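Participant: can't give you the sequence, but here's the structure:
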């Protein structure tokens, strides 16, 4: 092999696309500028700028992935031929690998073509792309085939080779000895994210052309989609922490602009502000954490260098611990982790495709991605893999349950999905916390597809009924929109984790990680958390599907509650009143809101993205099938492809063989049939319970009126309304009624109630968390600080004479005094 | 004492600068404030030229020229604003311009 | 060189006195006249620093244009030409404090840092010859872009001043 000799010398050549991947964000940024500049003149065709750009970027990203595949292979190859001198035994393997690579290369290309075909011909009627998707699924496993692992996958017997990340950077400016650089850092996870972000963004672009057609700020919308994609793409390939922070903020700004897209309505602009400000809270942590790392790592912003130093133990554990806790705050805000998650459901005020793009697939995973990116820091700072439970896992675990609980009591379909996203992000963070890095990223990968599919599906439904309220305006949508229904069901199955859909594989890997990793099984608690989460996910998603797609159609009566539904034994009756706010908002923007009575199936530009995402929700899981445990018969070539391709190998990532400064070795969980079966069974149980409750009307409906315990749950349910006013009351008037009186007041207002079994537990928990922690503690703290600031302001306003000269005088006097101190002291 | 020293220029400029700062902060007549700003700019110019001479480079003079141009622009716009204020309030007393009062 | 020093100190004394008078005198027109003295002094210092082109520009632009402009401003705002009422505001002491401390700090740190450094330390011969020529070379060579930017700035200021001051 010619390459071997060359590679052994350490010169593995990345391909042209890999080395020039930095053009991808630049293209999107240019698209943003161009759309803003000439978009207005193009009118309806303004979206083409964005679509063509993102389409180009997607193809580019596919190319990058293909080249990355070859690159990984070459790197491994180089390592092997390098070790040939000492070990003769691997001599034969090399040729096999080469052949594998060629095959996979070709097929990888094929897959790209298949997808491209489906996208380029959006006009093709429904079934065409569907078939395409299915054929892709049949072909799925081999296309993403990879070279064999050494020894059994899952055991730590991997050859210890490194994959050098492809980096490129230019010096932005130099300040003293510190160089500020801009550049790209392409390693496995960046390459993977490149693919995910461009794909989802492309589909969202296409979807949006129909969804926001006729919107008054059409160009503005597409311009910001472009900028958002640019920011996110730049973010994932950031070379240094400074760039990371900058693009992180830019992502936040874009989400602000897009959430508040319809800012004329107060709730929308409020939601945008809330998202932005909540994120700012965490951003402080990000800044502080990165500054700590900058100094701890000897004044460098370079991500690889920081991680390498963290892994080699050159940064003190204290510094790493503080830094990672600060960064955790940033993750909590950006990725909607518990107690700072409140912005995420509110952010559903944005257009639905934006929710799909920002709040399911890309932006909110920025936090998760950041942890994965700085994993050396977290790994050593929080002693992940050690024998004690760490903050990252705890936050993730809390979020899994908190988010899932809250998803039960939402009547807005998008909010169900939003809380579900919160919960799934909790899974990812939890996985990172227990050391299952690959599982976390893999879940990110699969979740991006099926959650985007769910969001777009909900958008498709909402597009038809002009509302997001499942209880008032949906129901029975299955007959009107069968295609949307089936994609939604597929994505739901993937989310629940039904075999063999994507979510099964990734969630199972997380659970296996929670059970097997960690010093002495100390993460078992998170296995329990994850399993309960799976059960709850199954139940609330079934509820969501029931309310949306089954039963009688309750829509078409804008503004009033149909009495036909009130006989139905479901919990929503008494909730209809309180779910009134927030719906019809988006409908109001629709130019053809009233031109048809019954909803009908959406057009191809909405359906084709759904097909593609549903197809990926089916096949994506096979990207990382473990070939250990009960699945050891799985052909090695097709096993753990994801892990093989995208997991970083090198000094900047925790080592698979050598224990780092914390004494823990990075490991992979093995496939455990017990966990896989039990989580699937729990999922099925959740479905069954919800099915029995909603479809069959089984269970003690109306128990809240009869049973005191259930009544408590119900009271908490209704309390949402109460708490909102209570806080206004307390803060504005200083009035606080005793809890008992409030209880009385509510009892009078009870109309009906349903809380029992799984539903009851979840609802009680969810409501409690939502009302007490979320609404009371968090919001209370936020409001309180606001009022404290106002009080302070009232005191200080006396000083504000309005005379600029006086301000200047004080400012300069203070500056001079400080300068004097400076000079005297130094 | 037979050679020009760098410091004598710098100290002279410091006097002008401090006087200018005092004027900007303490005078209530807008025109005088503008004059004080001219003082400050001239102090800077002396520094620029002195350091240019000190280092044997022409850049100091060039920058001083730019500062003069900017100062001309500033005075033009500044006086226009002062005129506007006078026209609206029949006074150029800066103490009366206090719309920012909280 | 001694003659230069004598000139410097005479001019510097006049400038310092005038500068302080600009901000303490109670008549706006007098303040403008003192300002003329300061600006002329600055021009003289430029000559001492071997920048005769700059000195000429200083006279032309500052004394010829800016001071005249200021006087027009004084006239148009109808400041009383006699002894004016109190020109200082109520918190002038803060400004005075700032000015004095600022000067002390500057003086201390300048004396501390530059001490007795001669003005033309390194290469006295390069800077004397053909200063105007050097300036033009620099402006139309190295600094041509900033030069153009400044011209645009002046245009913008021109337009801005007209728009602001126009009566309608």
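Facilitator: Yep, it's here. Predicted, not measured: the structure shown is a model, and the values here were computed from it. Numbers count the residues shown, from 1 in each chain, chains lettered A, B, ... in the order given.

Participant: And residue A:299, its phi and psi?
Facilitator: Backbone torsions of residue A:299, given as degrees, to the nearest 10, read phi 60, psi 60.

Participant: residues near it, how many?
Facilitator: Neighbour count for residue A:299, taken as other Cβ atoms under 10 Å in any protein chain shown: 11. The C-beta positions use only the backbone N, C-alpha and C, and glycine is treated the same way.

Participant: so what's it up against?
Facilitator: A:177, A:178 (Cβ atoms under 8 Å, 6 or more residues apart in numbering or on different chains).

Participant: I'd like the distance between it and chain B.
Facilitator: With the distance defined as Cβ to the nearest Cβ, to the nearest Å, residue A:299 ends up 30 Å from chain B.

Participant: again with residue A:544
Facilitator: As for residue A:544, its distance to chain B is 50 Å (criterion: Cβ to the nearest Cβ).

Participant: Let me know the helix or strand that the residue nearest to that residue when sequence neighbours are not counted is in.
Facilitator: In this structure, residue A:544 finds its nearest non-sequential neighbour in residue A:416, 4.8 Å apart by Cβ to Cβ, 6 or more residues apart in numbering or on different chains. For residue A:416, the host element (DSSP states H and E) is helix A:413-434.

Participant: so how many other residues sit close to the closest residue to residue B:10 other than its chain neighbours?
Facilitator: Excluding the flanking residues, the one nearest residue B:10 by Cβ to Cβ, 6+ apart is residue C:110, at 4.9 Å. By the criterion of other Cβ under 10 Å, residue C:110 has 17 neighbours.

Participant: so what's residue C:110 up against?
Facilitator: Counting by Cβ under 8 Å, 6+ apart, residue C:110 makes contact with B:7, B:10, B:11, B:14.

Participant: Also residue B:81?
Facilitator: So residue B:81 contacts residue C:164 (Cβ under 8 Å, 6+ apart).

Participant: what about it, which helix or strand?
Facilitator: Using DSSP H and E, residue B:81 maps to helix B:59-89.

Participant: looking at it, residue A:536 is touching residue A:405, isn't it?
Facilitator: Yes: using Cβ atoms under 8 Å, residue A:536 is in contact with residue A:405, at 6.8 Å.

Participant: Of the two, which one has the most company?
Facilitator: residue A:536 (28 against 25).

Participant: mind giving me the domain split of the chain?
Facilitator: No chain specified, so I'll use chain A. For chain A, automatic domain parsing gives the domain ranges A:2-588+A:599-678, A:707-796.

Participant: Sorry, I should have been clearer: chain C.
Facilitator: C:2-129, C:130-168.

Participant: Identify each buried residue in the stretch of helix or strand residue C:101 belongs to, please.
Facilitator: According to DSSP H and E, residue C:101 maps onto helix C:92-114. Across helix C:92-114, burial judged by 16 or more other Cβ atoms under 10 Å in any protein chain shown covers C:92, C:94-99, C:101-103, C:105-107, C:110.

Participant: One more: stretch B:40-56?
Facilitator: Across stretch B:40-56, burial judged by 16+ other Cβ under 10 Å covers B:40-55.

Participant: what about that stretch, near chain A?
Facilitator: No: Stretch B:40-56 is not in contact with chain A by Cβ under 8 Å from any Cβ of the partner chain; minimum separation 11.7 Å.

Participant: tell me, what residue is most central in the chain?
Facilitator: The chain I'm using is chain A. residue A:365 (3.7 Å; Cα atoms, centre = their mean).

Participant: Wait, chain C was what I had in mind.
Facilitator: residue C:39 (5.1 Å).

Participant: picking up where we left off before, residues touching the residue nearest to the centre of chain A, list them.
Facilitator: Residues near residue A:365 by Cβ under 8 Å, 6+ apart: A:335, A:425, A:428, A:444, A:447, A:448.

Participant: May I see these arranged in TSV, with pLDDT and distance to chain B as well?
Facilitator: Formatted as TSV, these follow (pLDDT from 0 to 100; distance: Cβ to the nearest Cβ, whole Å):
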residue	pLDDT	distance to chain B
A:335	84	39
A:425	88	42
A:428	88	46
A:444	87	48
A:447	88	49
A:448	87	48
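
Participant: what number of residues lie near the residue of the stretch 1-150 of chain A found nearest chain C?
Facilitator: Residue nearest to chain C within the stretch 1-150 of chain A: residue A:37 (21.9 Å; Cβ to the nearest Cβ). Around residue A:37 there are 12 other residues, counting by other Cβ under 10 Å.

Participant: Against residue A:237, how distant is it?
Facilitator: 26 Å (Cβ to Cβ, to the nearest Å).

Participant: Quick one: name the residues of chain C near chain A.
Facilitator: C:89, C:91, C:94, C:95, C:97, C:98, C:101, C:102, C:105, C:108, C:109.

Participant: Let me have the residues you listed in TSV, extended by distance to chain B and pLDDT.
Facilitator: Converted to TSV, those look like this (distance: Cβ to the nearest Cβ, whole Å; pLDDT from 0 to 100):
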residue	distance to chain B	pLDDT
C:89	4	77
C:91	7	81
C:94	7	87
C:95	3	88
C:97	9	90
C:98	6	90
C:101	9	91
C:102	5	91
C:105	9	91
C:108	10	89
C:109	10	88
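
Participant: Among those residues, which one sits closest to residue C:57?
Facilitator: For those, the residue nearest residue C:57 by Cβ to Cβ is residue C:102; the value is 27.9 Å.

Participant: Following the least confident helix or strand in chain C by mean pLDDT in sequence, what is the next regular element?
Facilitator: Ranking every helix and strand in chain C by mean pLDDT, DSSP states H and E puts helix C:124-128 at the bottom, with a mean of 49. Following helix C:124-128 in sequence order, the next helix or strand is helix C:131-140 (DSSP H and E).

Participant: Could you list the buried residues of that next one?
Facilitator: Under 16+ other Cβ under 10 Å, the buried positions of helix C:131-140 are C:131, C:134, C:135, C:138, C:139.

Participant: Just send the residues you listed back as CSV, with pLDDT too.
Facilitator: Listed next are the buried residues of helix C:131-140 as CSV, based on pLDDT from 0 to 100:
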residue, pLDDT
C:131, 75
C:134, 82
C:135, 85
C:138, 86
C:139, 87
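
Participant: Under the pLDDT cut-off, which ranges of chain B? List them.
Facilitator: Scanning chain B for pLDDT under 70 picks out B:1-2, B:99-102.

Participant: just to revisit the earlier point, out of the contacts of residue C:110, who's nearest residue A:23?
Facilitator: Of the contacts of residue C:110, the one sitting nearest to residue A:23 (Cβ to Cβ) turns out to be residue B:10, at 50.5 Å.

Participant: Kindly provide the distance from that closest one to residue C:47.
Facilitator: Taking Cβ to Cβ, one finds residue B:10 at 18 Å from residue C:47.

Participant: of the two, who's got more company?
Facilitator: Neighbours per residue, other Cβ under 10 Å: of residue B:10 and residue C:47, the larger number sits with residue B:10, 24 against 16.

Participant: Using the three-state scheme, assign the more buried one.
Facilitator: Put simply, residue B:10 is helix when judged by DSSP: H, G, I helix; E, B strand; the rest coil.

Participant: got the contact list for it?
Facilitator: Neighbours of residue B:10 in contact, by Cβ under 8 Å, 6+ apart: B:47, B:50, C:106, C:110, C:114.

Participant: and what of residue C:48?
Facilitator: Going by Cβ under 8 Å, 6+ apart, the list of residues near residue C:48 reads B:4, C:4, C:7, C:8, C:11.

Participant: just residue A:270 next, same as before
Facilitator: Contacts of residue A:270 by Cβ under 8 Å, 6+ apart are residue A:346.

Participant: Distance from the chain centre to the one helix or strand it maps to, please.
Facilitator: Counting by DSSP H and E, the element that carries residue A:270 is helix A:266-296. With Cα atoms, centre = their mean, to the nearest Å as the basis, helix A:266-296 stands 17 Å off its chain's centre.

Participant: now for the following helix or strand past that helix, which elements pack on it?
Facilitator: Using DSSP H and E, the next helix or strand after helix A:266-296 towards the C-terminus is helix A:303-312. Contacts defined by 3 or more Cβ pairs under 8 Å, 6 or more residues apart in numbering or on different chains; DSSP states H and E place helix A:303-312 against helix A:241-259, helix A:375-381.
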